[in-house]
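Visitor: Model the structure of this input:
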Amino acid sequence: MTENECQVGHKQEIMAVHDAMDVLNGKWKVSIISSICYYNKRRFSDILNDVHGISNKMLSKELKELETNKLINRTVLDTQPISVQYQLTEYGLTLKTIINNLAEWGKAHRKVIIGK
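Guide: Sure thing, here's the model as predicted:
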(Lines give C-alpha, C1' and ligand atoms only; values in the text may rest on other atoms or scores of the structure.)
Protein backbone atom coordinates (compact mmCIF):
# COMPACT_ATOMS: atom_id res chain seq x y z
CA MET A 1 0.00 0.00 0.00
CA THR A 2 1.42 3.38 -0.97
CA GLU A 3 1.62 6.28 1.45
CA ASN A 4 -1.07 8.10 -0.54
CA GLU A 5 -3.42 5.09 -0.37
CA CYS A 6 -2.76 4.84 3.35
CA GLN A 7 -3.59 8.52 3.84
CA VAL A 8 -6.85 8.11 1.90
CA GLY A 9 -7.75 5.10 4.07
CA HIS A 10 -7.01 7.04 7.25
CA LYS A 11 -9.07 10.00 6.06
CA GLN A 12 -12.00 7.67 5.43
CA GLU A 13 -11.65 6.21 8.93
CA ILE A 14 -11.47 9.67 10.48
CA MET A 15 -14.58 10.70 8.51
CA ALA A 16 -16.38 7.57 9.74
CA VAL A 17 -15.54 8.51 13.36
CA HIS A 18 -16.78 12.03 12.63
CA ASP A 19 -20.05 10.62 11.26
CA ALA A 20 -20.51 8.43 14.34
CA MET A 21 -19.80 11.32 16.70
CA ASP A 22 -22.28 13.47 14.78
CA VAL A 23 -25.01 10.99 15.77
CA LEU A 24 -23.74 10.44 19.33
CA ASN A 25 -22.71 14.04 20.02
CA GLY A 26 -23.46 15.98 23.14
CA LYS A 27 -23.23 15.38 26.83
CA TRP A 28 -26.13 12.97 27.23
CA LYS A 29 -26.67 10.59 24.29
CA VAL A 30 -24.16 7.90 25.23
CA SER A 31 -25.46 7.87 28.82
CA ILE A 32 -29.06 7.58 27.59
CA ILE A 33 -28.14 4.75 25.23
CA SER A 34 -26.26 3.04 28.09
CA SER A 35 -29.30 3.23 30.37
CA ILE A 36 -31.53 1.66 27.77
CA CYS A 37 -28.86 -0.85 26.71
CA TYR A 38 -28.18 -2.21 30.21
CA TYR A 39 -31.84 -2.48 31.21
CA ASN A 40 -33.28 -3.41 27.78
CA LYS A 41 -36.47 -1.37 28.25
CA ARG A 42 -36.68 1.91 30.17
CA ARG A 43 -39.42 4.37 30.96
CA PHE A 44 -38.75 8.10 30.68
CA SER A 45 -38.53 8.50 34.47
CA ASP A 46 -36.07 5.58 34.73
CA ILE A 47 -33.74 7.19 32.20
CA LEU A 48 -34.13 10.53 33.97
CA ASN A 49 -32.96 8.87 37.21
CA ASP A 50 -30.07 7.06 35.50
CA VAL A 51 -28.66 10.10 33.70
CA HIS A 52 -27.67 12.46 36.50
CA GLY A 53 -28.08 16.15 35.76
CA ILE A 54 -30.25 15.94 32.65
CA SER A 55 -33.48 17.94 32.58
CA ASN A 56 -36.87 16.65 31.40
CA LYS A 57 -36.74 18.95 28.39
CA MET A 58 -33.23 17.88 27.37
CA LEU A 59 -34.02 14.18 27.84
CA SER A 60 -37.09 14.56 25.64
CA LYS A 61 -35.03 16.33 22.95
CA GLU A 62 -32.25 13.74 23.04
CA LEU A 63 -34.69 10.81 22.91
CA LYS A 64 -36.35 12.32 19.83
CA GLU A 65 -32.97 12.66 18.12
CA LEU A 66 -32.05 9.07 18.96
CA GLU A 67 -35.40 7.94 17.58
CA THR A 68 -34.86 9.99 14.40
CA ASN A 69 -31.50 8.25 13.96
CA LYS A 70 -33.25 4.87 14.35
CA LEU A 71 -31.31 3.92 17.48
CA ILE A 72 -34.32 3.63 19.80
CA ASN A 73 -38.02 2.81 19.59
CA ARG A 74 -40.62 4.69 21.57
CA THR A 75 -43.68 2.71 22.68
CA VAL A 76 -46.70 4.29 24.35
CA LEU A 77 -48.09 1.86 26.91
CA ASP A 78 -51.81 1.53 27.55
CA THR A 79 -51.60 2.26 31.27
CA GLN A 80 -53.17 4.77 33.63
CA PRO A 81 -51.52 7.20 33.60
CA ILE A 82 -50.10 6.61 30.14
CA SER A 83 -46.40 5.82 30.19
CA VAL A 84 -43.79 5.63 27.47
CA GLN A 85 -41.13 2.97 27.17
CA TYR A 86 -37.89 3.12 25.20
CA GLN A 87 -35.90 0.25 23.77
CA LEU A 88 -32.89 0.00 21.46
CA THR A 89 -33.73 -0.93 17.90
CA GLU A 90 -31.93 -3.80 16.19
CA TYR A 91 -29.68 -1.13 14.69
CA GLY A 92 -29.22 0.54 18.09
CA LEU A 93 -28.13 -2.80 19.56
CA THR A 94 -25.06 -2.62 17.32
CA LEU A 95 -23.77 -0.02 19.81
CA LYS A 96 -23.81 -2.50 22.72
CA THR A 97 -20.20 -3.64 22.18
CA ILE A 98 -19.06 -0.02 21.98
CA ILE A 99 -20.94 0.84 25.20
CA ASN A 100 -19.41 -2.17 26.98
CA ASN A 101 -15.92 -1.26 25.74
CA LEU A 102 -16.42 2.34 26.82
CA ALA A 103 -17.52 1.18 30.28
CA GLU A 104 -14.45 -1.03 30.63
CA TRP A 105 -12.20 1.83 29.55
CA GLY A 106 -13.95 4.13 32.03
CA LYS A 107 -13.33 1.69 34.89
CA ALA A 108 -9.66 1.37 33.95
CA HIS A 109 -9.32 5.13 33.60
CA ARG A 110 -10.85 5.69 37.04
CA LYS A 111 -8.21 3.34 38.51
CA VAL A 112 -5.41 5.21 36.74
CA ILE A 113 -6.66 8.62 37.86
CA ILE A 114 -7.98 8.02 41.38
CA GLY A 115 -6.95 4.46 42.16
CA LYS A 116 -10.50 3.09 42.65
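Visitor: Ala108: neighbour count?
Guide: 10 (other CB atoms under 10 Å). Quick note: C-beta positions are derived from backbone N, CA and C, even for glycine.
Visitor: Oh, that last question was meant for Met21, not what I typed.
Guide: 11.
Visitor: Same check on the one 3 residues further on?
Guide: The local packing of Leu24 (other CB under 10 Å) involves 16 other residues.
Visitor: ok, which stretches of this structure are strands?
Guide: In the chain, the strands defined using DSSP state E lie at 41-43, 72-77, 83-88.
Visitor: got the contact list for the shortest one?
Guide: When you say that, I think you mean strand 41-43. The list of residues contacting strand 41-43 from outside it, by CB atoms under 8 Å, 6 or more residues apart in numbering, reads Ser35, Ile36, Asp50, Ser83, Val84, Gln85, Tyr86, Gln87.
Visitor: now do the last one
Guide: For strand 83-88, the surrounding residues in contact (CB under 8 Å, 6+ apart) are 33, 36-37, 40-44, 47, 63, 71-77, 95-96.
Visitor: Buried members of those residues into ChimeraX, please.
Guide: Per 16 or more other CB atoms under 10 Å, the buried members of those correspond to this ChimeraX selection:
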select :33,36,37,42,44,47,63,71,72,73,95
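Visitor: just to revisit the earlier point, I'd like to know which of the contacts of strand 41-43 are buried.
Guide: For the contacts of strand 41-43, buried by 16+ other CB under 10 Å: Ser35, Ile36, Asp50, Gln85, Tyr86, Gln87.
Visitor: Let's have the strands of the chain in JSON lines, adding distance to Gly106.
Guide: Shown next, in JSON lines, are those (distance: least, CB to CB, whole Å):
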{"stretch": "strand 41-43", "distance to Gly106": "20"}
{"stretch": "strand 72-77", "distance to Gly106": "22"}
{"stretch": "strand 83-88", "distance to Gly106": "20"}
